[in-house]
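J.: Give me the fold of what follows.
(one chain, ligands or ions: 1)
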Amino acid sequence: MKNKSALLFLVLALASLLLGILFGLLASLQYINSDFLKEYIAFNKMRPFHVTTVVSWIILCAIGSIYFFITNLEKHTLYSQRLVKVHFMVFLLTGLGIYISFFLGKMEGREYLAYSPILTIPILLGWILFGINYFKTIRKKISEWPVYYWMWGTGIVFMIYHLCEAHLWVFPYFREHFIKDISVQWKSYGSFVGSWNMLVYGTAIYVMAKIKNDKVSAKNKTVFFFYFLGLTNLMFGWAHHTYLIPTQPWVRYVAYAISMTEWIVLGHIIYSWVKSLSKEQKDKYNMAYKFLKAADFWVFINIILALLFSIPAINYFTHGTHITVAHSMGTTIGINTTILLASLFFITQNISPNYKATPSFLTKNYYIFNISLFLFFCTLIYAGIKRSNWMYFSKDVPFSTMQDELHTTYIAFFVFGLCLVFSITSLSIVLLKRLKKALNGKYNFE
Ligand code: HEM
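T.: Model (predicted):
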């Protein structure tokens, strides 16, 4: 059955992506000149504008994809069309509320959820509506569920739980005890990311299974092993965020071991899938195939970085430097965004199979995206090493001198960021045009 509301989520996701990368670009200009736009949106505001908007891109695109897959491709009758519309409106209005909260300087939230905490209530409501609609729609034959149904369901349930947990600091019992407060805060953020990874990785496995036209592999032991590993990661992988907190050493070792395994298995699943495809299958959904292959490459790059900086002795020097930013952007752009772009190309190709699978314009932008992201990532690591050197090994060198020394690096970061923005914008415009045509009823998609 047709579900155009799913497309509304996807359009909103792409709009968030475009706006989010614009904020990122402006923030990178503030690295070069800290006075840039200072009177209107200083860096301490620009950063939450950027981070919240790009995180919204990830979440909205995953939600839109899931709604689309379960109704339009899996042909389930949606439990309630009205609930999807209410869900969409709640998220849209809350998004506007978050921007207003930032503009007014009401940023009493924490880190990645810097907006006024009251806005978490409608966000939770949206997730509950999504959960009701999802489970009521697919509730039959649970024993036959493919792995992606489990992953999406788990992602939704844990998202609700961890959003609540991330706000426990509002209670004095947590807020007034420093170590308890920091532990709970970082634990919840790690698990919050784990929850959206469940939605995104489930989407990757779904798209892979569909391109290969394979109903069996989404039910085999490897993918279910991956699911349980992801779940373990979601529950315990957070501990690598808390190395600085005095805790039992075994907690760190377990966290370190767990947080690496998930990526290794995901990398292996995508790698085996790429190798098993026929030329025809690769050609039919070529852009989706290409972006999933790119995700595999970025899994590999991020594993190398994470393997190194998850070693507690190294983590001590990298914590609070641009190396952490390289890790966050390397994973959210390199893995999450590539998988979601693959999902969008897969969806639009499904809506209208007449689209040429790989116009040269898209292929060019695919390469610009990956090359500029690689250089962007390397620049952040270089800046992180310089900063760590200043923090721990340079005595009496003022902060401003270190910043001056990094000036050229920041310019390089901006230039590579600009190329990244160019490629993402070009790809997004093509996708937006396709979605707009579908929304206007140009295609009678099923
Ligand atoms: C899909 C695109 C993007 C995603 C998903 C993304 C994601 C993120 C995330 C998660 C952070 C928080 C990092 C942390 O706290 O460790 C961040 C920070 C940042 N991003 Fe991005 N980003 C994207 C694109 C860009 C672009 C294109 C630029 C610049 C041209 C940019 C510039 C920045 C800057 C300057 C920061 C602040 C780093 C700091 O706190 O010093 N981002 N981004």
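
J.: Now A383: which helix or strand?
T.: Secondary structure assignment for A383, by DSSP states H and E: helix 360-393.

J.: One more: L60?
T.: Under the assignment given by DSSP H and E, the secondary-structure element containing L60 is helix 43-68.

J.: by contact count, what packs against that helix?
T.: The criterion is 3 or more C-beta pairs under 8 Å, 6 or more residues apart in numbering; DSSP states H and E, and the helices and strands that helix 43-68 contacts are helix 4-32, helix 81-103, helix 178-212, helix 338-351. In short, each C-beta sits where N, CA and C put it, glycine included.

J.: got the angle for it vs helix 81-103?
T.: What separates the directions of helix 43-68 and helix 81-103 is an angle of 170 degrees, with axes from the mean of the first three to the mean of the last three C-alpha atoms, to 10 degrees.

J.: Mind checking the pLDDT average for helix 43-68?
T.: Mean per-residue pLDDT for helix 43-68: 97.

J.: Report the angle between it and helix 338-351.
T.: Orientation check (the same axes, to 10 degrees): helix 43-68 against helix 338-351 gives 40 degrees.

J.: any idea how far helix 43-68 is from the chain center?
T.: Averaging C-alpha coordinates over helix 43-68 and over its chain gives two centres that are 8 Å apart (C-alpha atoms, centre = their mean, to the nearest Å).

J.: is that helix up against the ligand anywhere?
T.: Yes. Using C-beta under 6 Å from any ligand atom as the criterion, contacts between helix 43-68 and the ligand involve 47, 50-51, 54.

J.: Looking at those residues, which is nearest the ligand?
T.: Minimum separation from the ligand among those (C-beta to the nearest ligand atom) is found for V54, which lies at 3.8 Å.

J.: just to revisit the earlier point, buried stuff in the helix holding A383?
T.: Along helix 360-393, these residues count as buried under the neighbour rule (16 or more other C-beta atoms under 10 Å): 362, 365-366, 368-370, 372-377, 379-384, 386-388, 390.

J.: Nearest residue to the residue of the chain found nearest the ligand in space, please, no chain neighbours.
T.: Nearest residue of the chain to the ligand, counting by C-beta to the nearest ligand atom: G417, 2.2 Å away. Leaving out its chain neighbours, the residue that sits closest to G417 by C-beta to C-beta, 6 or more residues apart in numbering is S28, at 4.9 Å.

J.: hang on, that neighbour packs against Y410?
T.: Yes. The criterion here is C-beta atoms under 8 Å, and S28 meets it with Y410 at 7.3 Å.

J.: which of those two has more neighbours?
T.: The neighbour count for S28 versus Y410, taken as other C-beta atoms under 10 Å, is higher for S28 (22 against 18).

J.: Distance of the more buried one relative to L418?
T.: Separation of S28 from L418 (C-beta to C-beta, to the nearest Å) stands at 8 Å.

J.: cool, and Y392?
T.: Plainly put, Y392 is 32 Å away from L418 if you go by C-beta to C-beta.

J.: Over to M198?
T.: The span separating M198 from L418 equals 33 Å under the rule C-beta to C-beta.

J.: Those two: which has the busier surroundings?
T.: Here M198 and L418 are set side by side on neighbour count (other C-beta under 10 Å), and the busier one is M198, at 27 against 15.

J.: what's near enough to touch that one?
T.: By C-beta atoms under 8 Å, 6 or more residues apart in numbering, M198 lies in contact with 151-152, 154-155, 158, 230-231, 234.

J.: any chance of those in a markdown table, plus secondary structure and neighbour count?
T.: Compiled in a markdown table, those are given as follows (DSSP: H, G, I helix; E, B strand; the rest coil; neighbours: other C-beta atoms under 10 Å):
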| residue | secondary structure | neighbour count |
| --- | --- | --- |
| M151 | helix | 28 |
| W152 | helix | 28 |
| T154 | helix | 19 |
| G155 | helix | 27 |
| F158 | helix | 21 |
| G230 | helix | 25 |
| L231 | helix | 17 |
| L234 | helix | 24 |
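
J.: okay, these in TSV with distance to the ligand next?
T.: Rendered in TSV, the data for the contacts of M198 read as follows (distance: C-beta to the nearest ligand atom, whole Å):
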residue	distance to the ligand
M151	20
W152	20
T154	22
G155	18
F158	19
G230	19
L231	23
L234	18
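
J.: burial of A412, as a residue count?
T.: 17.

J.: And the pLDDT for it?
T.: The pLDDT attached to A412 in the predicted structure is 98.

J.: And for Y161?
T.: Per-residue confidence (pLDDT) for Y161: 94.

J.: Any figure for the gap between it and S195?
T.: Computed as C-beta to C-beta, the Y161 to S195 distance reads 8 Å.

J.: what about these two, which has more around it?
T.: With other C-beta under 10 Å as the criterion, Y161 and S195 differ in neighbour count, and S195 comes out ahead with 23 against 14.

J.: Please name the residues that touch the more buried one.
T.: Shown here is S195, whose contacts under the criterion C-beta under 8 Å, 6+ apart are 154-155, 158-159, 162, 234.

J.: rerun that using 6 Å as the cut-off
T.: For S195, the contact set (C-beta atoms under 6 Å, 6 or more residues apart in numbering) comprises 155, 158-159, 162.

J.: and the stretch 1-150 of the chain, which residues reach the ligand?
T.: Taking C-beta under 6 Å from any ligand atom as the criterion, the contact residues of the stretch 1-150 of the chain with the ligand come out as 17, 21, 24-25, 27-28, 31, 47, 50-51, 54.

J.: what about 5 Å?
T.: 21, 24-25, 27-28, 47, 51, 54 (C-beta under 5 Å from any ligand atom).

J.: For those, pick the one with the most neighbours.
T.: In terms of neighbour count, I21 stands highest of these at 24 neighbours, by other C-beta under 10 Å.
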